[in-house]
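**Q** Sequence first, then the predicted structure:
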Amino acid sequence: MSSDPSPSPISEVVDTLYRTESRRVLATLIRLLGDFDLAEDALQEAFAAALVQWPREGVPKNPRAWLVSTGRFKAIDTLRRRARFYASLQGLAEQHAQESTLDDSNITDDRLRLIFICCHPALPADAQVALTLREVCGLTTDELARAFLTSPTTLAQRIVRAKARIRDKKLPYEVPDHAALPERLEAVLRVAYLVFNEGYYASSGAEATRQSLSQEAIRLARLLAELLPEPEVKGLLALMLLQESRRAARTTPAGDLILLDDQDRSLWSQPLIAEGTALVQHALQVGSPGPYTLQAALAAVHAAAPHASATDWAEIVRLYDQLVAVSPSPVVALNRAVAVAMHAGPAAGVALVEALFAQGHLTDYGLAHATHADLCRRLGRIADARTSYQRALTLATQEPERRFLQERLLKIP
């Protein structure tokens, strides 16, 4: 928060608390006030008050409780000022003022409520992602706009509309009950993985990855695993960690893509692999693994291979068979086709890819055409490979991907 070049010890304490506790304080203020914007203003005022009062009075015994209480009273003051112009707010201000005084025991961790409201199925998918990153992770609108290559105005409007929908539809600020939890948790995990994937493999733009988004997604998944340690939550965190472990090896210094088989595995992060592998092993022990746990198990098999030729493709095909059973989709079928090609040869894989095309699947999916091109190249079907590389090139939305495909085209005889 502070821009003072020589911060005092108190300002350093406040800065640290803002980084570590502001989302938790905000989550509780939203619960108490029932209004996102009022809570955000109250949060800022509470931290501003801390910078003024704590140097005189000392840091309170429970800073988070102090910040919540101060923010709440700042909000009540705001409502009373507004009530001079809007009489209907007077009752709301007095209602908040009459509620019991907060003490340490009242300050619960409301972040899980905040995550579930941000990922509520009544909100559009793009709004769920933006609101989660803004309110749960604390990214600014400008940071979000840079991450998603759009304008701050567009992002701000998306967030404003999402908050309005929460207010107008009176969406409950609560963790779903046991019966509704699986479906609602699925939406939360999907949002977290969407954020990670956008950072791990950018859908468009000049760079192949956006590491800051992946890091935020991992932070969100860690928070979820801490607050709701369900096996599939751990599976998702494991999947992110295992994929993130390869980041340093995925591109050249110039930003060009390096395929998995060609990566320098000495660059893979062993601490992330160890943590991810332990998590997926734990999730698998519970039984009936979900799609994120199975994908993490696939990533763990790759991580265990010291070099590409040592990959256990039979195990990977077996895991894809399980994944197809629990989460069937054309993209999963495409990935399974690649595994089959590695295990049984390119002819077996290309037949599966062409079957998908024949069924009308993935005809506008660039990776499917790139996969078909590579398998045809390996089979000596040069004309088919060229046609598919050209089709993939027309569908590519990312500069490193275009360079990769152009290079492959040039290498075809």
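**A** Yep, that arrived.
**Q** for this structure, which spans come out with low pLDDT?
**A** By pLDDT under 70, the low-scoring segments of the chain are 1-8, 84-108, 147, 149, 202-209.
**Q** give me that answer again for 50
**A** 1-5 (pLDDT under 50).
**Q** How is it divided into domains?
**A** As recorded under the TED database, the domains making up the chain are 9-96, 106-193.
**Q** Kindly reformat those domains as CSV containing distance to residue 334.
**A** Backbone N, C-alpha and C define where each C-beta goes, glycine included. Formatted as CSV, those follow (distance: least, C-beta to C-beta, whole Å):
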stretch, distance to residue 334
domain 9-96, 37
domain 106-193, 18
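**Q** Would you reformat the ones you listed as JSON lines and include distance to residue 377 and mean neighbour count?
**A** Listed next are those as JSON lines, based on distance: least, C-beta to C-beta, whole Å; neighbours: other C-beta atoms under 10 Å:
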{"stretch": "domain 9-96", "distance to residue 377": "49", "mean neighbour count": "17"}
{"stretch": "domain 106-193", "distance to residue 377": "31", "mean neighbour count": "18"}
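**Q** my guess is residue 286 meets residue 229, correct?
**A** No: in this structure, residue 286 is not within contact of residue 229 by C-beta atoms under 8 Å, at 10.7 Å.
**Q** Among the two, which residue is more densely surrounded?
**A** In terms of neighbours (other C-beta atoms under 10 Å), residue 286 is the more surrounded of residue 286 and residue 229; the figures are 14 against 11.
**Q** any idea how far that one is from residue 115?
**A** From residue 286 over to residue 115 the distance is 22 Å, taken as C-beta to C-beta, to the nearest Å.
**Q** For residue 387, which non-adjacent residue is spatially closest?
**A** With sequence-adjacent residues excluded and distances taken as C-beta to C-beta, 6 or more residues apart in numbering, residue 387 is closest to residue 373, at 7.9 Å.
**Q** what's near enough to touch the one you found?
**A** By C-beta atoms under 8 Å, 6 or more residues apart in numbering, the contact list for residue 373 reads 384, 385, 386, 387, 388, 389, 392, 408.
**Q** any idea which helix or strand carries it?
**A** helix 366-379 (DSSP states H and E).
**Q** Off-centre distance for that helix?
**A** The gap between the average C-alpha position of helix 366-379 and the chain average comes to 29 Å, counting by C-alpha atoms, centre = their mean, to the nearest Å.
**Q** Could you tell me which residues within it count as buried?
**A** 366-377, 379 (16 or more other C-beta atoms under 10 Å).
**Q** These: which two are farthest apart?
**A** 366 and 379 (20.5 Å; C-beta to C-beta).
**Q** Could you verify my assumption that residue 297 touches residue 279?
**A** No: Residue 297 lies out of contact with residue 279 (C-beta under 8 Å); the separation is 10.7 Å.
**Q** Which residues does whichever strand or helix holds residue 356 contact?
**A** Assigned by DSSP H and E, residue 356 falls within helix 346-358. Applying C-beta under 8 Å, 6+ apart, the external contacts of helix 346-358 come out as 330, 333-334, 336-338, 340-342, 362-363, 368, 371-372, 375-376, 378-379.
**Q** how does it look with 6 Å?
**A** 330, 333, 337, 340, 341, 362, 371, 372, 375, 378, 379 (C-beta atoms under 6 Å, 6 or more residues apart in numbering).
**Q** Which single one of the residues you listed is nearest to residue 173?
**A** Closest to residue 173, out of all of those and judged by C-beta to C-beta, is residue 330, at 37.0 Å.
**Q** ranges for the helices of the stretch 301-413 of the chain?
**A** 313-326, 330-344, 346-358, 366-379, 382-395, 399-411 (DSSP state H, counting those that start in this stretch).
**Q** and residue 53, which of those helices is closest to it?
**A** helix 399-411 (51.0 Å).
**Q** and that closest one, what other elements does it pack with?
**A** helix 382-395 (3 or more C-beta pairs under 6 Å, 6 or more residues apart in numbering; DSSP states H and E).
**Q** Return the set of buried residues in the helix it packs on.
**A** Neighbour-count burial for helix 382-395 [16+ other C-beta under 10 Å]: 384, 385, 386, 388, 389, 391, 392, 393, 395.
**Q** Distance check, residue 267 against residue 380.
**A** Distance from residue 267 to residue 380, by C-beta to C-beta: 33 Å.
**Q** ok, for residue 269, nearest residue in space, not its chain neighbours?
**A** Nearest non-adjacent residue to residue 269 (C-beta to C-beta, 6+ apart): residue 245, at 4.2 Å.
**Q** and that neighbour, how many neighbours?
**A** 23.
**Q** isn't it right next to residue 273, touching?
**A** Yes: with contact defined as C-beta atoms under 6 Å, residue 245 reaches residue 273; the gap is 4.8 Å.
**Q** before we move on, back to that, measure the residue nearest to residue 387 to residue 382 for me?
**A** 10 Å.
**Q** Also residue 178?
**A** To residue 382, residue 178 is 58 Å away according to C-beta to C-beta.
**Q** for residue 235, same thing?
**A** Separation of residue 235 from residue 382 (C-beta to C-beta) stands at 41 Å.
**Q** Pull out the buried residues from stretch 294-309.
**A** Neighbour counts over stretch 294-309 (16+ other C-beta under 10 Å) mark 294, 295, 296, 297, 298, 299, 300, 301, 302, 303 as buried.
**Q** contacts for it?
**A** Against stretch 294-309 from outside (C-beta under 6 Å, 6+ apart): 235, 238-239, 242-243, 261, 273, 277, 280, 311-312, 315-316, 319, 322-323.
**Q** now these: which count as buried?
**A** 235, 238-239, 242-243, 273, 277, 280, 311, 315-316, 319, 323.
**Q** export the residues you listed to a markdown table and tack on distance to residue 78?
**A** Shown next, in a markdown table, are the buried ones among the contacts of stretch 294-309 (distance: C-beta to C-beta, whole Å):
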| residue | distance to residue 78 |
| --- | --- |
| 235 | 43 |
| 238 | 44 |
| 239 | 43 |
| 242 | 46 |
| 243 | 44 |
| 273 | 49 |
| 277 | 50 |
| 280 | 47 |
| 311 | 60 |
| 315 | 59 |
| 316 | 57 |
| 319 | 54 |
| 323 | 51 |
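**Q** and which of those residues is nearest to residue 214?
**A** For the buried ones among the contacts of stretch 294-309, the minimum distance to residue 214 (C-beta to C-beta) is 8.3 Å, reached by residue 243.
**Q** neighbour-wise, which of residue 267 and residue 380 wins?
**A** A direct count of neighbours by other C-beta under 10 Å for residue 267 and residue 380 places residue 267 higher, at 13 against 10.
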